[in-house]
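Chemist: what shape does this take:
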Amino acid sequence: MQSEPTNQTVAAKAGENSASGSDENLDEAGYDPSRRRTQGYVVHCDAHHAVISAEVDARVEYMENYWAVGQLVSIWVGENRVIGQTARVISPENGWVEGDRNQVAVHVELIGEVVPTENGTRFTTGISGFPQMGCIAHRIRSSDLAAVFRNNSDTAIRIGHVTQDPSIDAKIDFEKLLSRHFAVVGSTGVGKSTSVTLMLRKIVEARPDIRVLMLDPHNEFGSAFPRNGYVLNASRLVLPFWLFTLEEIAEVIFRGQDGIDIEKEILRDMVVAAKIVHMDDAQGGQASLVRSTNTAKQRINADTPVPYRMLDLLKLIEDRIGKLDGKAEKPHLKALKDRIETIVNDARFQFMFDPTKCGGDRINNVISEIFRIPQGDCPICIMEMSGLPSEVVSSVVSVLCRLAFDLALSSDGAIQTLVVAEEAHRYIPADVKAGFWPTRMAIGRIAKEGRKYGAYLGIITQRPSELDQTILSQCNTFFAMRLSNTKDQDIIAGAFNSGAQSTIAFLPSISNRECIAFGEAVYSPMRMTFETVGAEDLPGAHIRENQNAVRAGREINLGAIIARMRGTNIPASLAHGDDPYGHDLQALNAASMSQAAAKGGGSGAAPGTAAGNAARMPDPAKIDALEALANKSIEQRYIDAAKDPNGPPGTPEPLRNNRENGNSLIRRLRG
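Modeler: Purely as a prediction, here's the structure:
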């Protein structure tokens, strides 16, 4: 039977590994300045903690040997090394003698052990044998530290370095990061946005098939992805009103007001009727035959994503008003009609109601643009929210998150999307009475069920204590940056389920770009520093460029700023670049505008009336051309993108492989 190594044997090994050298390396006091680890001895141990007694030298050349709080140490137990994190260092006598060797008691939390194997060392979080009294302890060697944080997964990517030793890479498993959801938390200004930018770049590089939908409330991420990001802002977004569910469109029309349930019920009936009218027109009057069946009645409801016209909706309300004579419902109908006309004619809401963009069944167009189908060189869609009216933001987020999940579900996982919610506490607050309920439900569904189908969630927030804790609990990887609020620290401490609990105590004092990473995507919890991102690729770089240009003397274009504030006639100098997939649509728009200009004329009908709304509709030729393009299947878009020599590179991916075409996908979306 092989005997267990004695402390003397272990001490000899420790001496060998510490490069203590021969006697000729010793100074006149008998110390070796090249030695990197000062030894200590275990004097107390339980299932979670150990206390190490050690002597330290006060001279400058030995300062590196001090037992520092937060660093890892090794304790020899046989051939293994139990790893502990220093949580507390005290002087037993509460004193210090300058220039002399002093005794200290080092309190450590035990986190695992390094075990020698045939293929080198391996770190495990379990401990097979706990330290006995007198076991030798010292500062962890670099090879053992590397073993603690080593991530050999084929899907691991480097995002920075371990703070204790910059030579050791900090790696995450991006597959686990995506499939198990993640959260980045930290106070304002610590580098959350920059860190997310870094990780997203690495992810889309490693996973070219993944799509990213970034909900950007501050319009800062557009400049962070100049090469592979596509920016959707208030001037570019097209999100037809008929894609909204009843609750979502009601939030836009009624703006969160209470006490208008009667109007909402009227709206429900009118929306269903308007959808049926549009089906009648689209099918040459044959829809009434189908509509008579119970099946058809069940399939069409106020939430079904099929198109209808605002003109039809307003006319149906007008007709219903005409049939009533002094009844109590009449004032509610008139109020509803006024609300709809006001919102439809508000320039800020044209991304929803402009008939030249939103008329007809152009769901293929909408989904292709937002969810990057095909992706080409721009798999990241940045949805800039600050230019949208505040009363519509919650509904827009609800629609986008709901579509992300439905696309993943309806495509059997072929369309995989990561939804990243910056300032997530705005959309999913902890108070269930606050926020917009459909938005909470849409994000919650991704968090709870999305991983099965390929809909993933990334949460960014400075106040984790103000987040819906049910949704936050679904995030299995955390990057906790500096947090000063004790409530926020408590939330992170509750999620921290492995490693040294004292790690969380560092949250108020860690540096910018530094975080405590833990969860499914990291091999073991680590304090790490993110890679540096170039100044030109930082979030909000365009804002800083404008500020610097003004300081350098550039004049401010007030007219352009006012136009942007009003949401009309956005100058090209303020708008983002063209969509690489939108050339056909832009050409059609330009051609139809030229034809309209050649014809001249216009209507003087008052806005808000049926005649006024009709006057705003484009000519039939333009509608036919736009709808023909909009009805192009998603599968056909892949094929066209691959054939176009001037278009971005890209080939049909899982949709074609699974024999799933775009039109059948849309049918599944609509049930």
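
Chemist: isn't R348 up against P389?
Modeler: Yes. Using Cβ atoms under 8 Å, R348 makes contact with P389 at a distance of 4.7 Å. C-beta: built from backbone N, CA, C; applies to glycine.

Chemist: now the stretch 201-350 of the chain, which segments are flagged as low pLDDT?
Modeler: 258-259, 282-298, 325-326 (pLDDT under 70).

Chemist: now the strands for it?
Modeler: Taking DSSP state E, counting those that start in this stretch as the criterion, the stretch 201-350 of the chain carries its strands at 211-216, 229-232.

Chemist: what do you get for the stretch 401-550 of the chain?
Modeler: Going by DSSP E, counting those that start in this stretch, the stretch 401-550 of the chain shows strands at 417-421, 455-461, 477-480, 514-519, 526-530.

Chemist: what about S411, how many neighbours?
Modeler: A count of nearby residues for S411, using other Cβ atoms under 10 Å, gives 23.

Chemist: go on, I459?
Modeler: Neighbours of I459 using other Cβ under 10 Å come to 28.

Chemist: next: the one 10 residues further on.
Modeler: Other residues near Q469 number 14, with proximity taken as other Cβ under 10 Å.

Chemist: now do the same for it: its pLDDT.
Modeler: On the pLDDT scale, Q469 is placed at 94.

Chemist: now do the same contact list for it.
Modeler: A430, I491 (Cβ atoms under 8 Å, 6 or more residues apart in numbering).

Chemist: could you do A495 as well?
Modeler: Neighbours of A495 in contact, by Cβ under 8 Å, 6+ apart: L472, S473, C475, F478, G519.

Chemist: one step back: so which of the strands of the stretch 401-550 of the chain gets nearest T117?
Modeler: strand 526-530 (21.6 Å; Cβ to Cβ).

Chemist: just the CA coordinates of that closest one, formatted as CSV?
Modeler: Taking Å, rounded to 0.1, in the frame of the first residue of the first chain, the C-alpha atoms of strand 526-530 are listed here in CSV:
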residue,chain,number,x,y,z
MET,A,526,-14.0,34.0,-11.8
ARG,A,527,-13.1,37.6,-11.3
MET,A,528,-12.1,38.7,-14.8
THR,A,529,-11.3,41.7,-16.9
PHE,A,530,-12.9,42.1,-20.3
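
Chemist: which secondary structure elements does that strand contact?
Modeler: Contacts defined by 3 or more Cβ pairs under 8 Å, 6 or more residues apart in numbering; DSSP states H and E place strand 526-530 against strand 156-162, strand 165-173, helix 192-206, strand 514-519.

Chemist: highest mean neighbour count out of the ones you listed?
Modeler: Scoring the helices and strands packed on strand 526-530 by mean neighbour count under mean count of other Cβ atoms under 10 Å gives strand 514-519 as the most buried, with a mean of 24.

Chemist: so that strand versus strand 165-173, what angle?
Modeler: Strand 514-519 and strand 165-173 are oriented at 40 degrees to each other (axes from the mean of the first three to the mean of the last three Cα atoms, to 10 degrees).

Chemist: tell me the angle strand 514-519 makes with strand 156-162.
Modeler: 140 degrees.

Chemist: domain map for this protein?
Modeler: As given by automatic domain parsing, the domain ranges for the chain are 7-149, 170-237+362-551, 239-360.

Chemist: mean neighbour count, those: which tops it?
Modeler: domain 170-237+362-551 (a mean of 20).

Chemist: endpoints of that domain, how far apart?
Modeler: Distance across domain 170-237+362-551, first residue to last, is 39 Å (Cα to Cα, to the nearest Å).

Chemist: what does stretch 446-453 give?
Modeler: 9 Å.

Chemist: in TSV: the strands of the stretch 401-550 of the chain, plus mean pLDDT and distance to E555.
Modeler: As requested, the strands of the stretch 401-550 of the chain are arranged in TSV below (pLDDT from 0 to 100; distance: least, Cβ to Cβ, whole Å):
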stretch	mean pLDDT	distance to E555
strand 417-421	97	36
strand 455-461	96	36
strand 477-480	96	42
strand 514-519	94	41
strand 526-530	94	38
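
Chemist: distance to F221 added to these, as a markdown table?
Modeler: Formatted as a markdown table, those follow (distance: least, Cβ to Cβ, whole Å):
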| stretch | distance to F221 |
| --- | --- |
| strand 417-421 | 9 |
| strand 455-461 | 10 |
| strand 477-480 | 17 |
| strand 514-519 | 19 |
| strand 526-530 | 16 |
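
Chemist: now the residue nearest to the spatial centre of the chain: how far from T470?
Modeler: What sits nearest the mean C-alpha location of the chain, by Cα atoms, centre = their mean, is V420, with 1.7 Å. With distances taken as Cβ to Cβ, to the nearest Å, V420 is found 19 Å from T470.

Chemist: T117 now?
Modeler: For T117 relative to T470 (Cβ to Cβ), the value is 41 Å.

Chemist: determine the longest strand present in the protein.
Modeler: strand 101-117 (DSSP state E).

Chemist: neighbouring strands for that one, and are they parallel or not?
Modeler: strand 49-57 (antiparallel), strand 80-90 (antiparallel), strand 120-124 (antiparallel) (DSSP bridges).

Chemist: what's the closest of the ones you listed to S410?
Modeler: Closest among the strands paired with strand 101-117, once you apply Cβ to Cβ, is strand 120-124, at 42.4 Å.

Chemist: packing partners for the helix or strand following the closest one?
Modeler: Toward the C-terminus, strand 120-124 is succeeded by strand 136-139 as the next helix or strand (DSSP states H and E). Contact analysis of strand 136-139 by 3+ Cβ pairs under 8 Å, 6+ apart lists helix 7-17, strand 40-45, strand 49-57, strand 72-77 as its packing neighbours.

Chemist: identify the residues contacting the third one?
Modeler: The contact list for strand 49-57, computed with Cβ under 8 Å, 6+ apart, reads 31, 38-45, 62, 65-67, 73, 75, 82, 84, 87, 101-110, 131, 137.

Chemist: A480 pairs with what?
Modeler: V185, I516.

Chemist: is it true that it touches V185?
Modeler: Yes. A480 lies in contact with V185 (Cβ under 8 Å); the separation is 5.5 Å.

Chemist: so who does the closest residue to V162 other than its chain neighbours touch?
Modeler: For V162, ignoring the flanking residues on the chain, the nearest one in space by Cβ to Cβ, 6 or more residues apart in numbering is I168 at 4.3 Å. The contact partners of I168, by Cβ under 8 Å, 6+ apart, come to S142, L145, A146, F149, H161, V162.

Chemist: which stretches of the chain have low pLDDT?
Modeler: Short version for the chain, where the test is pLDDT under 70: 1-37, 58-66, 258-259, 282-298, 325-326, 541, 564, 566-671.

Chemist: kindly recompute the last result at 50.
Modeler: 1-34, 36, 289, 291-294, 297, 569-618, 623, 626, 647-660 (pLDDT under 50).
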